[in-house]
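Participant: here is a sequence with its predicted model. Questions after.
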Amino acid sequence: MNDDLSSREAGTGSSEAAGAWCIRMAGAPLDPAEQADFDAWLAADAAHPPAFERALAVWGGLHAMEADAEVIAMRAEALEAMREANAKRWTRGAPRRGWRWAMVAAACLLLALTIAFFPGRGGPVEYATGLGERRTFVLSDGSRLSLDAETRVAVDLADDRRMLHLLAGRAKFDVEKDAARPFSVTAGGRTVVATGTAFSVELLGDKLHVILYEGSVAVVRGEPPSAPRLLALKRTPGKDAIALVPGRELVAPVKAPVAPTIVEADVARSLAWEGGQLSFVDEPLSAVAERLNRYSRAKVTIGDARAAAIEINGVFNAGDTDAFLDAAQMAYPLEVRREGGAVILASRPR
């Protein structure tokens, strides 16, 4: 196990180690070696899982206050201290005890300032990513929440239900089983009900996309129903619900009262964004531009309806908008115009 995250060394306690793990997970998903270290740390002591859950609750609470400039500044300072301490691990001749304690101190600072500014606040907690940012969160119930760039999700974990709202962007949900607490995600006028399931939900233009990877979900119109109704939907979807099976995708208009369509999903392609790539197969340029813009300050706008309807194919690195524009001009009847800070992709004159 990594020395810096072991509560067995240098007298560090479960809470400090749990805080360090929270900070590590906030930066990026764990790689396989780190995941093995984390699993070993959880299993090493019965006190570690509850300590980690407490740290998650405190860390998660901070996201409800991300608009507070003072909290943002202190959070950034604590994270930077953690990164600097971690970097010193690899400095030749640096005392091992020093950097270990620096990391623990940074974790304690972050947890302490969070507690000071978040004294038991209730209600939904909002998790969000910025431009070009992808993040994975572990919720206090053990479920994992993976956010694409420029995504916002409100999370409300109650005693009898787990209610989430996708407010913008795209997110993948790996749901921890809990038969007594149904898990639902509401977006675009519909609610997805699941348990012990892996699925993604995306708001793209005027459409809602739901892809099921494992387990089963039921999709109903409107806001989340009552807890008993959610439990009933989980057992038997009923005629007013649409049941999905793994490998299928539901596409529904957000505003128009039109029945959704169910299509076969390209599972591997739909998850490419988690690895920093954007993969398109017969994707309208209008939708492609919206996904590109989650990763670039130079926003691409579509110049005309004919260009918007062109179907795009290809795999591109997220954030490399210039490479996409070059390829689009070569492969399709499109041209790029730059007007001030705007990038306009339009049909090439006939």
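Facilitator: Structure's in. What do you need? Residues are numbered from 1 along each chain as shown.
Participant: point out where the stretch 51-200 of the chain drops to low pLDDT.
Facilitator: Within the stretch 51-200 of the chain, the stretches with pLDDT under 70 are 53-54, 56-122.
Participant: please redo it, this time with the cut-off set to 50
Facilitator: 62-72, 86-104, 112-121 (pLDDT under 50).
Participant: show me where it has its strands.
Facilitator: Ranges of strands in the stretch 51-200 of the chain, per DSSP state E, counting those that start in this stretch, are 125-128, 135-138, 144-147, 152-157, 162-168, 170-174, 183-187, 190-194, 198-204.
Participant: of all these, which one is nearest Ala47?
Facilitator: Comparison of those against Ala47 by CB to CB identifies strand 135-138 as nearest, at 17.9 Å. (Glycine included, C-beta is placed from N, CA and C.)
Participant: partner strands of the closest one, parallel or antiparallel?
Facilitator: Strand 135-138 sits in its sheet next to strand 144-147 (antiparallel), going by DSSP bridges.
Participant: since we're on the closest residue to Ala272 other than its chain neighbours, how many residues are nearby?
Facilitator: Nearest-residue entry for Ala272: Ser279, 4.1 Å, with adjacent residues in sequence omitted and distances by CB to CB, 6 or more residues apart in numbering. The number of residues packed near Ser279 is 18, by other CB atoms under 10 Å.
Participant: show me what the strand or helix carrying Ser279 is packed against.
Facilitator: Ser279 belongs to strand 277-284 when elements are defined using DSSP states H and E. Packing contacts for strand 277-284, counted by 3 or more CB pairs under 8 Å, 6 or more residues apart in numbering; DSSP states H and E, involve helix 285-293, strand 311-317.
Participant: which SSE is immediately downstream of the shortest one?
Facilitator: Read that as strand 311-317. helix 321-331.
Participant: quick one: contacts of that next one?
Facilitator: 285, 288, 292, 295-296, 298, 300, 312, 314, 316-317, 334-336, 343, 345 (CB atoms under 8 Å, 6 or more residues apart in numbering).
Participant: mind listing what's buried along it?
Facilitator: 321, 324-325, 328 (16 or more other CB atoms under 10 Å).
Participant: now the angle between strand 311-317 and the strand holding Ser279, please.
Facilitator: Between strand 277-284 and strand 311-317, the angle comes out at 170 degrees (axes from the mean of the first three to the mean of the last three CA atoms, to 10 degrees).
Participant: between the helices and strands packed on strand 277-284, which one is nearest to Asp148?
Facilitator: The nearest among these, by CB to CB, is helix 285-293 at 8.4 Å.
Participant: would you turn the buried residues of helix 321-331 into a markdown table with distance to Ala180 and pLDDT?
Facilitator: Output for those, formatted as a markdown table (distance: CB to CB, whole Å; pLDDT from 0 to 100):
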| residue | distance to Ala180 | pLDDT |
| --- | --- | --- |
| Thr321 | 46 | 91 |
| Phe324 | 47 | 93 |
| Leu325 | 51 | 93 |
| Ala328 | 50 | 93 |
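Participant: where in the stretch 201-350 of the chain is pLDDT low?
Facilitator: Using pLDDT under 50, the stretch 201-350 of the chain has no residue that qualifies.
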